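structure for the following, please:
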Amino acid sequence: MVFLLTGACTAPAPAVPLAPHVTAPTAATTVLDTDDPVALAVAVSAALYATAPVVVLSAAGDQAGQAAAGAIAERIGAPLLLTPVDGDAPGVRAELSRLDATALLTLDDGAARWVSATDGSIKIITDESALPAVTAPGRRPSVLVLAQDSPTQLAATTTARASGADVLVVPGADPRLAPAPVRRPERVLALGPEFGTPDVLDRRLAVAATGVQLPGGGQVLFPGRRMVALYGHPGAPAMGVLGEQDVAGAVRRAQALAAEYQPLVGEPVVPAFEIITTVADRVPGPDGDYSAESSVEELRPWVDAARDAGVYVVLDLQPGRTDFLTQARRYEELLAQPHVGLALDPEWRLAPLQRHGAQIGSVGADEVNAVVTWLADLTRDRVLPQKLLMVHQFRLAMIAGRERLDTSRDELAVVVHADGFGTMQLKFDTWNTLHQAEPPGIHWGWKNFYDEDSPMLTPAQTVAIGPAPPVFVSFQ
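Numbers count the residues shown, from 1 in each chain. Okay, here's the model as predicted:
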């Protein structure tokens with residue numbers, strides 16, 4: 001018997017695709033505090049990649065080139081680094097070495113020359129079809145990269161997406177400004193010092209994750225909205241227009257007033273109540289402080305109706321001989337609601353032995369700052385959207401040491417409210433005086449008086465007030 005032996009050549013095994021190894025920042029929240037596009041691209045690569053056999057390179061300043069190269073980088077899961085416009089970039093060379101890159105794709109002749117001159121050990125590829133097979137990382141929802149809408153971050157966000165991380169472009173570098181609730185994953189990487197410190201960003205992320213909205217939308221008060229308010233005390237028409245009708249009528253009147261302003265500005269105009277919550281009194285009262293305090297239960301129907309109608313509420317304090325913080329603490333239950341802010345009226349803050357009507361009251365910056373700290377801590381601890389703190393003023397002496405007002409607390413929007421009345425010349429003289437040496441970081445308010453102003457400004461005249469238009473306009 002004859003056996004026929006046959007043999008066949010074995011085909012070479014296909015090449016195993018190259019694969020980058022991704023990683024994540026070690027801290028739960030990391031902020032990369034550079035705006036330089038070359039350095040930022042390197043920093044994101046270092047944060048999200050352990051190794052990358054293939055790296056894509058483009059020239060800094062060439063947005064079209066970065067977009068073309070970035071599309072390839074995302075497709076193959078490779079970092080996108082930038083060559084500098086001028087000079088050397090040792091950080092880029094060091095990152096190529098750290099990544100253990102063996103091939104570099106560049107569509108830019110200048111970038112190819114740059115890498116050839118700095119590292120001859122890396123294979124330079126100028127045609128995507130010549131790339132080795134590469135397996136891109138899968139999506140990693142455990143890593144969120146917060147970016148800004150800036151062309152300088154194109155390479156950095158490309159690298160983040162290529163690594164599988166989720167990328168969210170955040171308006172104003174504040175997640176509270178995002179149009180939808182921001183999911184908080186295991187690791188967050190923020191691009192640029194504008195996001196603040198990791199602690200600040202953590203607090204903002206906690207608020208953003210709740211999705212709780214202010215009247216008019218969003219979680220940050222200003223800029224982005226105006227408020228138009230009825231001022232007064234419920235059931236007391238002589239103290240302001242808010243008390244001229246019941247709560248349902250006041251809601252309708254505030255809404256109608258805000259509607260007069262809406263066509264004149266580009267942002268939402270939110271109706272508001274400024275409720276005189278503690279009323280300056282000529283008699284000392286049971287507690288001897290010359291201030292009649294409303295109870296929480298008396299105010300609750302107004303606060304609840306305002307919430308249901310999309311009306312913001314400001315609780316106004318006229319404390320007499322007690323201090324603002326002592327009175328503010330009485331209303332913690334109401335201030336814990338997202339749509340409720342606080343106003344301090346130094347005109348009615350008495351020193352010992354003083355009486356209302358005998359002089360105009362005043363307050364020191366330290367007392368106001370104590371309220372700032374307490375209210376900001378309350379807002380932070382309750383994970384609330386930004387809250388309004390307003391301080392009334394029509395004479396500089398009403399707030400001693402005003403230049404020291406604390407406007408640093410991110411949880412609050414601080415407004416100085418010019419509430420003088422009289423002729424337009426007198427009102428604008430007051431307005432201009434208050435703007436002298438104004439504290440940094442404040443917003444401005446204005447009050448129109450139906451009976452005492454001569455004449456009262458129209459809506460168009462009010463929104464035209466400068467140099468910065470008032471964000472809060474109240475009517476008495």
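
what ranges does the stretch 351-476 of the chain have for its helices?
With DSSP state H, counting those that start in this stretch as the criterion, the stretch 351-476 of the chain has helices at 365-381, 424-434, 459-463.

so what's the residue count around the residue nearest to Ala309 when sequence neighbours are not counted?
Spatial nearest neighbour of Ala309, chain neighbours left out: Val251 (4.7 Å); criterion: Cβ to Cβ, 6 or more residues apart in numbering. (Each C-beta comes from the backbone N, C-alpha and C, glycine too.) Val251 sits with 21 neighbouring residues when counted by other Cβ atoms under 10 Å.

the one 10 residues further on now?
Using other Cβ under 10 Å, Tyr261 has 19 neighbouring residues.

ramachandran angles for the closest residue to Pro151 other than its chain neighbours?
Leaving aside its chain neighbours, Pro151 sits nearest to Gln63 (5.3 Å; criterion: Cβ to Cβ, 6+ apart). Backbone geometry at Gln63, expressed as degrees, to the nearest 10, gives phi -70, psi -40.

so Gln63 is in contact with Ser150, correct?
No: in this structure, Gln63 is not within contact of Ser150 by Cβ atoms under 8 Å, at 11.0 Å.

more neighbours: those two, which one.
Applying other Cβ under 10 Å to Gln63 and Ser150 shows that Ser150 carries more neighbours, namely 17 against 14.

what's the spacing between the more buried one and Pro440?
Going from Ser150 to Pro440 by Cβ to Cβ, to the nearest Å gives 25 Å.

ditto for Val279
Relative to Pro440, and taking Cβ to Cβ, Val279 is found at 33 Å.

ditto for Thr23
40 Å.

between these two, which is the more surrounded one?
Thr23 (15 against 8).

show me the contacts for the more buried one.
47-50 (Cβ atoms under 8 Å, 6 or more residues apart in numbering).

could you rerun that using 6 Å?
Ala50 (Cβ atoms under 6 Å, 6 or more residues apart in numbering).

Ser142 versus that one, what's the distance?
Taking Cβ to Cβ, one finds Thr23 at 12 Å from Ser142.

next: Val251.
45 Å.

and Pro79, by the same measure?
19 Å.

the two - which one has more neighbours?
Pro79 (30 against 12).

element containing the nearest residue to the more buried one once chain neighbours are set aside, please.
Residue nearest to Pro79 in three dimensions, not counting chain neighbours: Ser45, with 4.1 Å by Cβ to Cβ, 6+ apart. For Ser45, the host element (DSSP states H and E) is helix 37-48.

quick check: which helices or strands does whichever helix or strand comes after that helix pack against?
As assigned by DSSP H and E, the chain's next helix or strand after helix 37-48 is strand 49-51. Counting contacts by 3 or more Cβ pairs under 6 Å, 6 or more residues apart in numbering; DSSP states H and E, strand 49-51 is packed against strand 21-22.

around the residue nearest to Pro79, how many other residues sit close by?
26.

so it makes contact with Ala162?
No: in this structure Ser45 lies outside contact range of Ala162 using Cβ atoms under 6 Å: 9.5 Å.

for the record, mean pLDDT for the lengthiest strand in the chain?
Counting residues, the longest strand in the chain under DSSP state E turns out to be strand 269-280. In this model, strand 269-280 has an average pLDDT of 97.

quick one: strands adjacent to it?
strand 226-232 (parallel), strand 291-293 (antiparallel), strand 312-317 (parallel) (DSSP bridges).

got TSV for those strands, with distance to Val372, mean pLDDT and mean neighbour count too?
Formatted as TSV, the strands paired with strand 269-280 follow (distance: least, Cβ to Cβ, whole Å; pLDDT from 0 to 100; neighbours: other Cβ atoms under 10 Å):
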stretch	distance to Val372	mean pLDDT	mean neighbour count
strand 226-232	20	98	27
strand 291-293	21	93	21
strand 312-317	14	98	26
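
from Glu128, how far off is the residue lying closest to Asp345 once chain neighbours are set aside?
Using Cβ to Cβ, 6+ apart and skipping residues adjacent in sequence, the residue nearest Asp345 is His392, 4.5 Å away. Distance from His392 to Glu128, counting by Cβ to Cβ: 65 Å.

compare these two and say which is more crowded by neighbours.
Counted by other Cβ under 10 Å, His392 and Glu128 do not tie: His392 has more neighbours, with 25 against 15.

isn't that one up against His417?
Yes: at 4.8 Å, His392 counts as touching His417 under the criterion of Cβ under 6 Å.

what's downstream of the worst-scoring helix or strand of the chain on mean pLDDT, the next helix or strand?
Using mean pLDDT, DSSP states H and E, helix 109-118 stands out as the lowest-scoring helix or strand of the chain, at a mean of 69. Once the chain leaves helix 109-118, the next helix or strand it forms, by DSSP H and E, is strand 123-125.
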